[in-house]
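> Requesting a structural model of the entry that follows:
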Amino acid sequence: GAQPAQHAVTLRWQSSPGTSLYNVYRGLKSGGPYTKIASTPLAFYVDRPVPAGAQLYYVVTAVNSAGESKQGVEMKVIVPTSATDER
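Prediction:
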């Protein structure tokens, strides 16, 4: 039998100086609500697996000694439905 396609979303953002961590949030509709899915010291994150055909919305915040920044620009991702439609 055919394996269901496994998809991953790679997010990249502008790193800001003095930032120790980035919190990554994911939502199912524009404007949230968002769920925190990761805390990473890197300016990119791979979210996997994600459901085929889903529309996902991501925001990233920066964490430094002063605390957590306000949420950055929302990133909309439409996950392809088939394994052949890679982006």
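
> In the chain, which residue is most central in space?
Geometric centre of the chain, nearest residue: residue 58, 4.6 Å, by C-alpha atoms, centre = their mean.

> So it versus residue 79, what's the distance?
12 Å (C-beta to C-beta, to the nearest Å). (Glycine included, C-beta is placed from N, CA and C.)

> which residues do these two both contact?
Counting by C-beta atoms under 8 Å, 6 or more residues apart in numbering, the common neighbours of residue 58 and residue 79 are residue 9.

> sorry, back to before: list the contacts for the residue nearest to the centre of the chain?
Applying C-beta under 8 Å, 6+ apart, we find residue 58 in contact with 9, 11, 24, 25, 26, 27, 47, 74, 75, 77.

> now these: which count as buried?
Buried subset of these (neighbour count, 16 or more other C-beta atoms under 10 Å): 9, 11, 24, 25, 26, 27, 47, 75, 77.

> And for residue 69, the neighbour number?
15 (other C-beta atoms under 10 Å).

> Closest to residue 40 out of the contacts of residue 58?
Distance to residue 40 across these (C-beta to C-beta) is lowest for residue 24, with 6.7 Å.

> For beta bridges, what are the partners of the closest residue to residue 19 other than its chain neighbours?
Distances taken as C-beta to C-beta, 6 or more residues apart in numbering put residue 62 closest to residue 19, at 4.3 Å, once the chain neighbours are dropped. On the basis of DSSP bridges, residue 62 is bridged to residue 22.

> surely residue 62 meets residue 17?
No. With contacts counted by C-beta atoms under 8 Å, residue 62 stays clear of residue 17, the gap being 9.8 Å.
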